[in-house]
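Trainee: My questions concern the predicted model and sequence given below.
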Amino acid sequence: MELTEKQKRNFWKKVDKTESCWLWTGGCCNGYGLFGIEGKIYRSHRVSWLLAGNSIPDGHVIRHKCRSRNCCNPEHLETGTRAENNADMIRDGTSTKGEKNHTAKLTSAQILDIRARAERNVDLAKEFGVGQMTISHIILRRRWKHI
């Protein structure tokens, strides 16, 4: 990604360089800074990483060592695999699995109830207000695997 000098200036105008984390002050989604370049949206920490002269190996993501999603300080960033990043989120409690996901219609307790009652041949889909495929995926542990 090559940025013009104007794009670089516009990017750094939106970064508040504190003593530690460099906080993104522009638009965000789920706590991550967003920066538009020629009609495409990039996460601000990725742009900062690249502007610092670093590269991103194929199959890698940029991880926050400081655990602050809106930090753009290249010293607080590192590359890693998606699996490593997911492990970080689970360890830090920032994962959006299960009922932490804003689109979840069921709770962990309901999942356990569905699995416990699955063999009784009751219409669980109707009772819980979800599709039969959702119930099947829960019972077969294709969804909500972590419970």
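Mentor: That came in fine, so what should we check first? Numbering: from 1, shown residues only.
Trainee: Okay, strands next: where are they in the chain?
Mentor: With strands called from DSSP state E, the chain shows them at 15-17, 22-24, 28-29, 32-37, 40-43, 60-64, 77-81.
Trainee: could you redo those strands as JSON lines and give each row mean neighbour count, distance to Thr103 and mean pLDDT?
Mentor: For glycine as for every other residue, the C-beta is placed from the backbone atoms N, C-alpha and C. What follows is the strands of the chain, written out as JSON lines (neighbours: other Cβ atoms under 10 Å; distance: least, Cβ to Cβ, whole Å; pLDDT from 0 to 100):
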{"stretch": "strand 15-17", "mean neighbour count": "14", "distance to Thr103": "31", "mean pLDDT": "96"}
{"stretch": "strand 22-24", "mean neighbour count": "22", "distance to Thr103": "25", "mean pLDDT": "97"}
{"stretch": "strand 28-29", "mean neighbour count": "12", "distance to Thr103": "14", "mean pLDDT": "90"}
{"stretch": "strand 32-37", "mean neighbour count": "18", "distance to Thr103": "18", "mean pLDDT": "94"}
{"stretch": "strand 40-43", "mean neighbour count": "14", "distance to Thr103": "20", "mean pLDDT": "95"}
{"stretch": "strand 60-64", "mean neighbour count": "18", "distance to Thr103": "22", "mean pLDDT": "95"}
{"stretch": "strand 77-81", "mean neighbour count": "16", "distance to Thr103": "25", "mean pLDDT": "96"}
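Trainee: quick one: which of these is nearest Leu106?
Mentor: Taking Cβ to Cβ, strand 28-29 is the member of those nearest to Leu106, at 24.3 Å.
Trainee: Give me the contacts around that closest one.
Mentor: Leu34, Asn70 (Cβ atoms under 8 Å, 6 or more residues apart in numbering).
Trainee: follow-up on the earlier one: looking at the strands of the chain, spot the one closest to Lys6.
Mentor: For Lys6, the closest of the strands of the chain is strand 32-37, at 11.2 Å, according to Cβ to Cβ.
Trainee: Remind me what the closest one packs against, helices and strands.
Mentor: strand 40-43, helix 44-51 (3 or more Cβ pairs under 8 Å, 6 or more residues apart in numbering; DSSP states H and E).
Trainee: Looking at the strands of the chain, spot the one closest to Ile135.
Mentor: Nearest to Ile135 among the strands of the chain is strand 28-29 (31.0 Å), distances taken as Cβ to Cβ.
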